[in-house]
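Asker: the sequence and its predicted three-dimensional model are supplied below.
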Amino acid sequence: MGHSIVLFGRVVDFSFLEPATGGGGGELICSAWEGIYGLQSQQELRDAGTEYMGTFKASAVIADPPQLCSLRILVPTEYFSVPPPLQDMHFARISSADRHLFALRAGDWRPGSGMMDIGGYLIYDACKDSLSVVPKLLEDDFHAAIGCQSAVVMCNGDDGGYFLAELVWLRPKYSQAAIWLWKSSAPGWSLNPAHLSLPPGFCSSLSFSYRGSILCWVDLLGGMVMCDLGKDCSNLDRPELRFIQLPKDCPSYDSSDLCNRYHLCPEKFRSMACVGDTIKFVTMDGNVEEQGFALTVYSLLPDLSDWEISSKYNVENIWANESYQSTTSMAKIPPSFPVLSTHEDGVIYLVFTDLTVVDDPPHVSGWTGQRRVVFKSQYLVRVDIENNKVHCYPPTTDCSIDDYLLCSDFSAYRQCVQDHPREIEATEMVASGKRMKL
């Protein structure tokens, strides 16, 4: 039986819709923005951006491994007819996912970035292949962004409802955090009165929901913020906020050190996810030249009090595996970008990138002795720790996996595709490497 998983790249570029039929579309959109340069208030600018995002369409493009799956945001062909402030919104980034819902932040806007920045939130529903728009937070002098993956979506009920939450720093000290909450059934942002003291330099590397009532923001160098909305999400006015330290026995780093933050790139060797009903944390630590270079997986105890090691796997086992040796031409190259399967306990996906150093001739580099790193190939490898199995996918000559990946369980989505096959252009990514008909 094939083991299915969907891996998405987080960056979503905008594409153009087909030209409007019947003509006049460009004039209509242009007239909708006539006078935008005269807008004075923050509310007017926010409303203009929200209205423009309401014209977007979306679709999922699911690829066979080792290619990444992606979302496509389709904008009207009259894009160039809108004023430059809106043209600047040309991409989005996936912040989180829960079942069939994806939360994206469109444009360069971040909380606290400034009232003139155009942007907002998009919620993609894979069952309906549709987008809904959530306006950006109103800007003020009291809140600031706390990371790139700080918007958490959580399904609420079976009717398509959801919560969207944004974790922000409180200015001017940047020592406490607060949460803005949006509920789809009662639209409108509300700032929760509860505050939480956090370590200096906390930065949300990824976010997800847990147990249907808990929102999580993770700093892979510093720890995790949890916001418990209570049973059936009934405690919206006074949710419980708490900070969870990373496992005590895993290597620690000063998360307030900018050098660590930007040069270590924790996504390359750490990740965290909700696997079934358990939060798991994977880290790769050690020296490639030593026997101790291993994948260590920790599980958070049900009472959230501490971590315990659930499995440990020496990377030597991967290098020695027949699948690795027969598929790749690589030596002992260290893996990167670990991704925990969200519905297969003990399964981790890893990226192996084969690089080489070459000497440029004088006519290329301009001087002798110039050396540069050249990309050769890249491999996606599936490791089943519990059963000591390794599957190496065919190589790709494109360096496509160079950013943090998002793992999504599309079980609900697959059912919707079967019910409405014409609505979504996708096939499922399976470990056998074959395309699965839906």
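Answerer: Cool, got the structure.

Asker: what about the residue nearest to residue 350 when sequence neighbours are not counted, distance to residue 401?
Answerer: Excluding the flanking residues, the one nearest residue 350 by C-beta to C-beta, 6 or more residues apart in numbering is residue 335, at 3.8 Å. (C-beta placed from N, C-alpha, C; glycine too.) Going from residue 335 to residue 401 by C-beta to C-beta, to the nearest Å gives 11 Å.

Asker: name the residues contacting each of those two.
Answerer: Jointly contacting residue 335 and residue 401 under the rule C-beta atoms under 8 Å, 6 or more residues apart in numbering are residue 351.

Asker: can you read off the pLDDT for residue 96?
Answerer: Residue 96 carries a pLDDT value of 94.

Asker: distance check, residue 180 against residue 216.
Answerer: Distance, residue 180 to residue 216, using C-beta to C-beta: 16 Å.

Asker: more neighbours: the two, which one.
Answerer: residue 216 (24 against 18; other C-beta atoms under 10 Å).

Asker: show me where this protein has helices.
Answerer: Ranges of helices within the chain are 25-32, 42-53, 84-87, 258-259, 315-320, 322-327, 362-365, 411-419, based on DSSP state H.

Asker: off-centre distance for the fifth one?
Answerer: Same thing as helix 315-320. Computed by C-alpha atoms, centre = their mean, to the nearest Å, the chain-centroid distance of helix 315-320 equals 28 Å.

Asker: thinking again about what came up before, next, count neighbours for the residue nearest to residue 350.
Answerer: Residue 335 has 23 neighbours, counted by other C-beta under 10 Å.

Asker: ok, now the one 4 residues further on?
Answerer: Residues contacting residue 339 under the criterion other C-beta under 10 Å number 23.

Asker: would you agree it is in contact with residue 271?
Answerer: Yes. Residue 339 is in contact with residue 271 according to C-beta atoms under 8 Å; the separation is 6.0 Å.

Asker: low-confidence ranges, the stretch 1-150 of the chain, go.
Answerer: Applying pLDDT under 70 to the stretch 1-150 of the chain flags residues 1-5, 18-42, 65-66, 77-85, 114-116, 141.

Asker: hmm, 50 instead?
Answerer: Confidence mapping of the stretch 1-150 of the chain against pLDDT under 50 gives the ranges 1-3, 20-33.

Asker: please enumerate the strands of it.
Answerer: Assigned by DSSP state E, counting those that start in this stretch, the stretch 1-150 of the chain shows strands spanning 6-9, 11-16, 57-61, 70-75, 91-98, 101-106, 120-125, 130-135, 143-145.

Asker: let me know which of those strands is the nearest to residue 176.
Answerer: Closest of the strands of the stretch 1-150 of the chain to residue 176 is strand 143-145, at 10.9 Å (criterion: C-beta to C-beta).

Asker: helices or strands next to the closest one in the packing?
Answerer: Using 3 or more C-beta pairs under 8 Å, 6 or more residues apart in numbering; DSSP states H and E, the elements in contact with strand 143-145 are strand 162-170.

Asker: give me the residues contacting the strand it packs on.
Answerer: The contact list for strand 162-170 (C-beta under 8 Å, 6+ apart) reads 98, 101, 103, 111-112, 121, 123, 134, 137, 142-147, 150-156, 176-184, 195, 204, 207, 215, 217, 225, 227, 229, 233.

Asker: same thing but 6 Å
Answerer: Under the criterion C-beta atoms under 6 Å, 6 or more residues apart in numbering, residues 101, 111, 134, 143-144, 146, 150-156, 176-184, 215, 217 lie in contact with strand 162-170.

Asker: and that strand with strand 130-135, angle?
Answerer: 30 degrees (axes from the mean of the first three to the mean of the last three C-alpha atoms, to 10 degrees).

Asker: give me the mean pLDDT for strand 162-170.
Answerer: Mean predicted confidence for strand 162-170 is 94.

Asker: re earlier: in ChimeraX, select just the buried ones from the contacts of strand 162-170.
Answerer: Only the buried entries of the contacts of strand 162-170 go into this ChimeraX selection, using 16 or more other C-beta atoms under 10 Å:
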select :101,111,134,143,144,146,150,151,152,153,154,155,156,177,178,179,180,181,182,183,184,215,217
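
Asker: looking at residue 311 now. What's its pLDDT?
Answerer: Per-residue confidence (pLDDT) for residue 311: 94.

Asker: hmm, I typed the wrong one, I wanted residue 336.
Answerer: 91.

Asker: which stretches in the stretch 201-350 of the chain count as strands?
Answerer: 206-210, 214-219, 223-228, 240-244, 270-275, 278-285, 294-300, 307-314, 336-340, 347-359.

Asker: the third one - which strands sit beside it in the sheet, and in what orientation?
Answerer: If I follow you right, that is strand 223-228. strand 214-219 (antiparallel), strand 240-244 (antiparallel) (DSSP bridges).
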